[in-house]
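> make a model of this:
(2 chains)
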Amino acid sequence: MQTTAAPIGRLGIDSRKLVIWLFLASEIMFFTGLIGSYIVLRFANLDVWPVPSTVLNIPLTGLNTFILICSSMTLVLGLASVQRGYQEGMQVGLFLTVLLGSIFLAIQMHEYHNLIQDNFTISSSIFGSCFFTLTGFHGAHVFAGVVWLSIVTVKSFKGRYTSEDYAAIELAGLYWHFVDLVWIILFTILYLI
Amino acid sequence: MSESEAAVHKQPNYAAVFWSLLILTICEIIVANLHFAKPLIVITLVFLAIVKASLVALFYMHLKFEKYIIYIIALFPIFLAVILTVMVLSDRSIS
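Reported below is the predicted structural model:
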């Protein structure tokens, strides 16, 4: 097994991790732009803005939030396993993360289907535009994370990662946890407030 | 101590973080259904969301154990995000 040496830069940090954090910083600004627009539009249309619970399925989305939190847990357990050299734990952790991420997307598609059947679409109201734009971009990020983690999972089953070489899991994990973090904010501002 | 050894020794209590996130999510749903003053509910929900997001960033993303430069990279856009949000809300309160 060939072990990849971590490319440590002058800052004393793995440069791959530095790149991921810089990317996540740009993602923070991306979602801030969307959320800022949402706040402007909501305050400008307070008289026509519906109570979210009258339009959206809060219990179903609460379940979806639980699923995403579980996926973050399985991922850190997978990472902790590989750090201890426990290959099976890593593989199960990664597989469950991909599975839970896929279930999250399936439930979101189901939610979209139900909303569209109830004539709540991206063009039906300003709330609809905001809702589908924010959740759609987040869903696209979840999809990208599922694809990324699927590749990492396949490699883990091929024995690619060891207790000395697991940076790829850590980097994919940073992205996945960020997606979870964004959902925590979106769930609050879109569904609960 | 190698980087991997250091990482293993610094592993937080992931289960405690998980249960905290779960309990806080349940609290959020309960608070959202309370019949209190709307501003109070909004402030409470935003506070709970910030606590949950901080737990994920600090422990799942291991920000708590990272070097200062990573803190700067992570916190600077959050600082800008807060400015943007406050300015937007200020505009609303002025108008």
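> below-threshold pLDDT in chain A: ranges please.
For chain A, the stretches with pLDDT under 70 are A:1-6, A:9.
> where along chain B do the helices fall?
B:3-9, B:14-32, B:38-55, B:68-94 (DSSP state H).
> output these in CSV, with mean neighbour count appended to each entry.
Just so you know, the C-beta spots here come from the backbone N, C-alpha and C atoms, and that holds for glycine as well. Output for the helices of chain B, formatted as CSV (neighbours: other Cβ atoms under 10 Å in any protein chain shown):
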stretch, mean neighbour count
helix B:3-9, 14
helix B:14-32, 16
helix B:38-55, 16
helix B:68-94, 13
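> output those helices in a markdown table, with distance to residue A:59 appended to each entry.
Formatted as a markdown table, these follow (distance: least, Cβ to Cβ, whole Å):
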| stretch | distance to residue A:59 |
| --- | --- |
| helix B:3-9 | 38 |
| helix B:14-32 | 8 |
| helix B:38-55 | 17 |
| helix B:68-94 | 28 |
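> got those as CSV, with distance to residue A:93 and mean pLDDT columns?
What follows is the helices of chain B, written out as CSV (distance: least, Cβ to Cβ, whole Å; pLDDT from 0 to 100):
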stretch, distance to residue A:93, mean pLDDT
helix B:3-9, 15, 49
helix B:14-32, 11, 94
helix B:38-55, 19, 94
helix B:68-94, 24, 82
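> Serialize the ones you listed to JSON lines and add fields for distance to chain A.
Below are these laid out as JSON lines (distance: least, Cβ to the nearest Cβ, whole Å):
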{"stretch": "helix B:3-9", "distance to chain A": "5"}
{"stretch": "helix B:14-32", "distance to chain A": "4"}
{"stretch": "helix B:38-55", "distance to chain A": "4"}
{"stretch": "helix B:68-94", "distance to chain A": "4"}
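> quickly find the element holding the residue nearest to residue B:14 when sequence neighbours are not counted.
Leaving aside its chain neighbours, residue B:14 sits nearest to residue A:76 (4.9 Å; criterion: Cβ to Cβ, 6 or more residues apart in numbering or on different chains). Element membership of residue A:76, judged by DSSP states H and E, is helix A:58-83.
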